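Peer 1: here's a sequence, model it:
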Amino acid sequence: MARLAPGVFGLALFAFWIWAVLDVIATDRTLVRNLNKIVWLLLVVFIPTIGAAAWVALGRPLNAGFSPGATTAPPQGRQRKAAPRGPEDSERWSAMTKPSSSGAPDGFETTAAKERRLRDQEAEANRNPQLDDETESDPPA
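Peer 2: Sure thing, here's the model as predicted:
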């Protein structure tokens, strides 16, 4: 078993080096940290173990997954729903724009309903003369 250890360790380092080369190649150049992508590739190819370790520690995008070129880590534990990027992506928007039984989207008033509400307010103001007196006694602004 002791004779296999150096071979297994060497094979693991070789696999790590191959993975690092593929990861540098597959990573988007705008996400690479600290050095240019070409410089990272040259470091990993010509200084295999140290270059690959430096790539993982200093060059890869933050929170990147283990697959080559991954830019984000896979979600841990419970799946989180992505936050809406715009108002039309949220559930409130779809509920607000869905037509209700009156034909208007929830949260919106049809023209007929608005006219009916305004007529009712006007009739209430005509029935209660005290409201008119209060507004007339206010000093002009």
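
Peer 1: how is the protein partitioned into domains?
Peer 2: Segmentation of the chain into domains, based on automatic domain parsing, reads 7-59, 91-137.

Peer 1: need the ones you listed in JSON lines (columns: distance to G65 and mean neighbour count).
Peer 2: Placement of C-beta: from N, CA and C, glycine included. Converted to JSON lines, the domains of the chain look like this (distance: least, Cβ to Cβ, whole Å; neighbours: other Cβ atoms under 10 Å):
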{"stretch": "domain 7-59", "distance to G65": "10", "mean neighbour count": "15"}
{"stretch": "domain 91-137", "distance to G65": "28", "mean neighbour count": "11"}
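
Peer 1: would you list every one of the helices in this protein?
Peer 2: 4-26, 37-46, 48-54, 91-97, 111-127, 129-137 (DSSP state H).

Peer 1: of those helices, which is nearest P68?
Peer 2: In terms of Cβ to Cβ, the element of these nearest to P68 is helix 4-26, at 4.1 Å.

Peer 1: turn the domains of the chain into JSON lines, columns for mean pLDDT.
Peer 2: Shown next, in JSON lines, are these (pLDDT from 0 to 100):
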{"stretch": "domain 7-59", "mean pLDDT": "90"}
{"stretch": "domain 91-137", "mean pLDDT": "70"}
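
Peer 1: who are the contact partners of W40?
Peer 2: If you count contacts by Cβ atoms under 8 Å, 6 or more residues apart in numbering, W40 has them with 24, 32, 51, 55, 59.
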